[in-house]
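Visitor: show me the folded form of this:
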Amino acid sequence: MSNRTNAKEWLQKAWHDLSSAHVLYEALHYTDTIGGDLQQAIEKMLKSFPAYENKPIKKTHNLLELAVNIAEYIRFDEAEMRILGIATLYYVHDRYPIFQNVLPDRSQIRDVMDFADRLFVRICGILKIDEMEVRQ
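Guide: Predicted structure coming up:
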């Protein structure tokens, strides 16, 4: 039996991260912060599938690993897998400063954000969850 409520909660949290990334991008904020929000948004979107199926949710921040884990629900092409790999690198393991850390390029952030926008709509459609219901 599916758990629509649980999946919807994951998608709502993903939406919060994704909409934050949009606001920060428009404000010309630091791309490392935006990238962190994008990574978290995509991670939560991908984790909505096992949540929907009441399956254990893999404890990883590696988006490529999560994508492979949910291949029965959604498949990604080579270009999408490349973006998932890039977005995985945005995950911040340590909250303390990492010196010599290079900020992601804004055009790369834009590509990942566009992918995340499309993915959000795609996942809502697959799980038959009204995206406007989630965007609250």
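
Visitor: show me where the protein has helices.
Guide: Listed in chain order, the helices found in the chain under DSSP state H are 4-26, 31-52, 63-69, 78-88, 106-127, 131-134.

Visitor: now for the first one, which elements pack on it?
Guide: Spelled out, that is helix 4-26. The criterion is 3 or more Cβ pairs under 8 Å, 6 or more residues apart in numbering; DSSP states H and E, and the helices and strands that helix 4-26 contacts are helix 31-52, helix 106-127, helix 131-134. The C-beta positions use only the backbone N, C-alpha and C, and glycine is treated the same way.

Visitor: contacts for that helix, please.
Guide: 30, 33-34, 37-38, 40-45, 47-49, 51-52, 54, 106, 109-110, 113, 116-117, 120, 123-124, 127, 129, 133-136 (Cβ atoms under 8 Å, 6 or more residues apart in numbering).

Visitor: try the last one
Guide: Residues from elsewhere that reach helix 131-134, judged by Cβ under 8 Å, 6+ apart: 8, 11-12, 15, 120-121, 124.

Visitor: pLDDT, neighbour count and distance to Arg75 for these - can I get that in CSV?
Guide: What follows is the contacts of helix 131-134, written out as CSV (pLDDT from 0 to 100; neighbours: other Cβ atoms under 10 Å; distance: Cβ to Cβ, whole Å):
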residue, pLDDT, neighbour count, distance to Arg75
Lys8, 97, 19, 23
Leu11, 98, 27, 19
Gln12, 98, 16, 25
Trp15, 98, 19, 23
Phe120, 98, 23, 17
Val121, 98, 10, 16
Cys124, 98, 22, 17
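
Visitor: so, low pLDDT: which residues of the protein?
Guide: The chain contains residues with pLDDT under 70 at 1, 94-101.

Visitor: please identify the most buried of the helices of the chain.
Guide: helix 31-52 (a mean of 23; mean count of other Cβ atoms under 10 Å).
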